[in-house]
Every structure is written in C-alpha cells, then in structure tokens.
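>>> Output the structure for:
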Amino acid sequence: MHAGLAFVIGILVTIAAFLFYAAISGTTYYGLAVQVEVTLALTLIIVALIVAAIFYVGVKAQFKRVKTGKEALVGAKGTATTDLKPNGEVRVLGEFWQATTKEGEINMGQTIDVVGMEGMFLVVVPTEQKA
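Presented below is the predicted three-dimensional model:
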C-alpha cells in the first residue's frame, strides 16, 4: 500500500515537472495552451500533496505503539458504578470492570484512577480532587 502511494506521488510530481518545463520553454503538447499546462501542473502538485499527506499518516500509524490490555488500562480514569467496599464495579474506557480498592471505600459515581491489575480485577484508587 505504502509503496503504491509513493509510486503515485512520484508519477504525479514527474508529470507536473514535465508540464512546468513545457510551459516555461514555450513548448505545447497536444495543442494545449501554456496556461492549461500550468493549471494541470498545479493540479497535479496539489493531488500529489494530498496523496503525500495520506502516505505520511499511513507510515506514522505503522510506528505508533499499540496500547491494549493492561497497558491501556493502568493509568486510565473511570467512574465507580457501584460502591467499592473493597470490591465493586467500575467503568473504564467505556467498559465495565470488576475492581478492588486498597484504600478504604469508594462511593458510587466517584471518579477513580486505575493503578494496577490483579488477574481480571482492576486495582483502583479515588482520583485526587484538585482545589
């Protein structure tokens, strides 16, 4: 996919350069006016820039670190959907999880931070309220 996009970018820029050269030298191909050649060249450059932006996003996505499972959960914020005394249920990243707290009790609706994972239970603490 990426090699194909790079190839398309190269072809578009080559044709645009050829049309610019033809317009500058005064040569007309297929009876095209110089203004038409310049317009086509600018259009091809714009299309090449759009394809290059798509290419850049695709390559950038290849090197982005995937965060799933424990790596995505630890450090995430959520909300307690039940009272945690010390076990209960929380909602984190749009999912409901069984959770446990090591620090007292957490009331339903309170914001929590995930600090770890023990098996399939999330270890949570109440979010520090900033005054």
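>>> Quickly find the element holding the most centrally placed residue in the chain.
The residue lying closest to the centre of the chain (Cα atoms, centre = their mean) is Ala61, at 6.9 Å. In the assignment (DSSP states H and E), Ala61 maps to helix 34-62.
>>> What about Gly58, how many residues nearby?
By other Cβ atoms under 10 Å, the residues close to Gly58 number 12. (Each C-beta comes from the backbone N, C-alpha and C, glycine too.)
>>> contacting residues for the nearest residue to it once chain neighbours are set aside?
Once flanking residues are discounted, Gly58 sits nearest to His2: 5.8 Å by Cβ to Cβ, 6 or more residues apart in numbering. By Cβ atoms under 8 Å, 6 or more residues apart in numbering, the contact set of His2 is 55, 58-59, 62.
>>> Select only the buried ones of those residues in PyMOL?
Paste this into PyMOL to select the buried members of the contacts of His2, with burial taken from 16 or more other Cβ atoms under 10 Å:
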select buried, resi 55
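>>> Pull the distance from the lowest-mean-pLDDT helix or strand in the chain to the chain's centre.
The least trusted helix or strand in the chain, going by mean pLDDT, DSSP states H and E, turns out to be helix 70-73, with a mean of 80. Centroid displacement of helix 70-73 relative to its chain, using Cα atoms, centre = their mean, to the nearest Å, is 17 Å.
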